[in-house]
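Q: Build the 3D model from these lines:
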Amino acid sequence: KFMIAATHGNIRQGLELFKNILFSKYTNVIEMIKEESWYITLHHILKPIMTPIYRFYDETTSNSIPNIFRLRSESNSSHFTAYRILDRLSRKNNTYVSSHEIKAYFIENFNMIDDYKENMDILLKMGMIESENGIDKYQEDLQQIKISAFGYYMKNVICKDFSYLELIASDLTFLDKQVSNQIIKYSNDEYDLLVDGQNRDISDHEKNYLRYKRLKVRISKTKKLISYFEEQELLELKKYEFSKDTLIIKKIKEQIEEQIVHKILPSAKKNFNIKEEEDTTKNGIARL
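A: From the prediction side, this is the model:
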């Protein structure tokens, strides 16, 4: 599903993405071969593509998946502009819409013309929006546009995935300095746990427990990010007085909680052989 959405039928691009996934340090091909069957989940794809060079995601080095919650204008910018563009276009039932209509909506309701232009530019470049005449970057004479299959997939699946949100957290500029410092601390804690597991001569069970502790840190970081997004969206609701029906984060929060409780933690405990009595926590982080 990801390949179909992201490549727009471009076989060369699909093969390039598949090669990146296959030879990534995140992909354990040997383990896959040993298993009789292997179910590839979205995080198996997102990590290799979003962090091809560095450990932490940086939109400038990930040429396939943008950070759609990134602040793009120095003045009057929102974390939710890209999502709102995709959402508005998705309501048009895959038909072309005048770009001037979408532009007018953001000017009249949010007064975010520069933010709108910057987000339109990245969505066009990444193929999440298509122009009728094939323009792949924002121009003032842009006419008819529509959301692409990749845009639908970003809006409905990727941006509501735990791995995606956890990865983009390190690529965001935050409007709250305290939140920014907390996100940095979580990232550093997780990295320190990784290095600790690599440098110490410990048993396999202790290594697995360190991996589990890293996961708990990543969960705490993602929850902090969602809480911040929730606060920012409510502030915008009060300021711009838009419809509550268009709120984004509440639905994302519900899906992430579902993923954590019913998929991520049970799978980690099983794979790392973590017993319930070992899963004690301090500030949300498992302890040895």
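Q: The nearest residue to Phe56 once chain neighbours are set aside - how many residues pack around it?
A: Nearest residue to Phe56, sequence neighbours excluded (Cβ to Cβ, 6 or more residues apart in numbering): Ser170, at 4.4 Å. Quick note: C-beta positions are derived from backbone N, CA and C, even for glycine. The number of residues packed near Ser170 is 19, by other Cβ atoms under 10 Å.
Q: Then Leu247?
A: 16.
Q: before we move on, back to that, so the residue nearest to Phe56 touches Arg55, yeah?
A: No. With contact defined as Cβ atoms under 8 Å, Ser170 does not reach Arg55; the gap is 9.1 Å.
Q: Helices along the stretch 51-200 of the chain, start to end?
A: 81-90, 99-110, 113-125, 149-156, 162-168, 177-199 (DSSP state H, counting those that start in this stretch).
Q: Of those, which is nearest Leu71?
A: helix 113-125 (7.9 Å; Cβ to Cβ).
Q: rewinding a little: mean neighbour count for the helices of the stretch 51-200 of the chain - can I get that in JSON lines?
A: Listed next are these as JSON lines, based on neighbours: other Cβ atoms under 10 Å:
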{"stretch": "helix 81-90", "mean neighbour count": "21"}
{"stretch": "helix 99-110", "mean neighbour count": "15"}
{"stretch": "helix 113-125", "mean neighbour count": "20"}
{"stretch": "helix 149-156", "mean neighbour count": "20"}
{"stretch": "helix 162-168", "mean neighbour count": "22"}
{"stretch": "helix 177-199", "mean neighbour count": "15"}
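Q: mind checking which of those helices is nearest Glu233?
A: It's helix 81-90; of the helices of the stretch 51-200 of the chain, that one is closest to Glu233 (Cβ to Cβ) at 10.3 Å.
Q: now the angle from the closest one to helix 113-125?
A: 70 degrees (axes from the mean of the first three to the mean of the last three Cα atoms, to 10 degrees).
Q: avg pLDDT for helix 81-90?
A: What helix 81-90 shows for mean pLDDT is 96.
Q: repeat for stretch 210-218
A: Here stretch 210-218 scores 95 as its mean pLDDT.
Q: Let me know which of the helices of the stretch 51-200 of the chain is the nearest to Glu254.
A: Taking Cβ to Cβ, helix 162-168 is the member of the helices of the stretch 51-200 of the chain nearest to Glu254, at 12.5 Å.
Q: other SSEs contacting the closest one?
A: helix 42-50, helix 204-240, helix 249-259 (3 or more Cβ pairs under 8 Å, 6 or more residues apart in numbering; DSSP states H and E).
Q: For the last one, give me every contacting residue.
A: Defining contact as Cβ atoms under 8 Å, 6 or more residues apart in numbering, one finds that helix 249-259 is touched by Cys159, Lys160, Asp161, Phe162, Leu165, Thr222, Lys223, Ile226, Phe229, Glu230, Glu233.
Q: swap the cut-off to 6 Å and go again
A: Under the contact criterion Cβ atoms under 6 Å, 6 or more residues apart in numbering, helix 249-259 has outside partners Lys160, Phe162, Ile226, Phe229, Glu230, Glu233.
Q: ok, which pair from the residues you listed is furthest apart?
A: So, the contacts of helix 249-259 by Cβ to Cβ: farthest apart are Phe162 and Glu233, at 18.9 Å.
Q: picking up where we left off before, could you dump the helices of the stretch 51-200 of the chain into TSV and include distance to Tyr240?
A: Shown next, in TSV, are these (distance: least, Cβ to Cβ, whole Å):
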stretch	distance to Tyr240
helix 81-90	11
helix 99-110	6
helix 113-125	13
helix 149-156	20
helix 162-168	24
helix 177-199	21
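Q: do you know which of these lies nearest Lys47?
A: Per Cβ to Cβ, nearest to Lys47 of these: helix 162-168, 6.4 Å.
Q: Tell me how far the closest one lies from the chain's centre.
A: 4 Å (Cα atoms, centre = their mean, to the nearest Å).
Q: pLDDT on that helix, on average?
A: Helix 162-168 carries an average pLDDT of 96.
Q: Also stretch 107-114?
A: Throughout stretch 107-114, pLDDT has a mean value of 94.
Q: repeat for stretch 143-159
A: Stretch 143-159 shows a mean pLDDT of 94.
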